[in-house]
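**Q** predicted model, plus sequence, below.
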Amino acid sequence: MRLFDTSFIVDLANSDKEAEAVARRMDEEHIFAAISVISVHEYLFGVHYAYFHDKQRLRTKLTSARRDLSRFEILPLTEEIVEISSELHAMLERRGQLIGINDLYIAGTALRYKLVLVTRDVAHYKKMPHLTIETY
């Protein structure tokens, strides 16, 4: 059971060979594949930001983005996840190890559902105790 970070979705959309290999394995093994609603926001924000001034291209890219996202179960941000992420946030803040709130929410989601987090952005996530990370 896997929770995929936004970096994976972006890499997959950009035809990254390693991300594609993980996706093929995920499909072949029928692995539960989820993303946080936070990753949905980050991914769609990137599309809106990149194509804001070209409405026709934006529509096309949003259609493609929705197709990219449809292969994943989308997990909502819940009060339980916020409690976990706020504890992580306080711990890291006390250590002087600041990371973005979105990464905290994604890590909290993985911890809440006991999912392996698949990412290439190991630097931030390795600071979090009890989080199992898989990279590619």
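**A** Looks like it came in fine. Bear in mind that the values here come from a model prediction, so they are computed numbers and not experimental data.
**Q** report the separation between the residue of the chain most remote from its centre and Val47.
**A** Residue farthest from the centre of the chain, counting by Cα atoms, centre = their mean, is Gln56 at 27.0 Å. Between Gln56 and Val47 the distance is 13 Å, computed by Cβ to Cβ, to the nearest Å. The way it works is simple: take the backbone N, C-alpha and C, and place the C-beta from them, glycine included.
**Q** same question, Thr135
**A** 25 Å.
**Q** so which bits of the helix or strand where the residue farthest from the centre of the chain lies are buried?
**A** Assessed by DSSP states H and E, Gln56 sits inside helix 55-69. For helix 55-69, the neighbour count (16 or more other Cβ atoms under 10 Å) marks Lys61, Ala65, Leu69 as buried.
**Q** now for the longest helix along the chain, which elements pack on it?
**A** Longest helix in the chain by number of residues (criterion: DSSP state H): helix 79-95. Applying 3 or more Cβ pairs under 8 Å, 6 or more residues apart in numbering; DSSP states H and E, we find helix 79-95 packed against helix 101-113.
**Q** can you tell me the element the nearest residue to Leu115 once chain neighbours are set aside falls in?
**A** Using Cβ to Cβ, 6 or more residues apart in numbering and skipping the chain neighbours, the partner closest in space to Leu115 is Leu3 (4.0 Å). Take DSSP H and E as the rule and Leu3 turns out to sit in strand 2-4.
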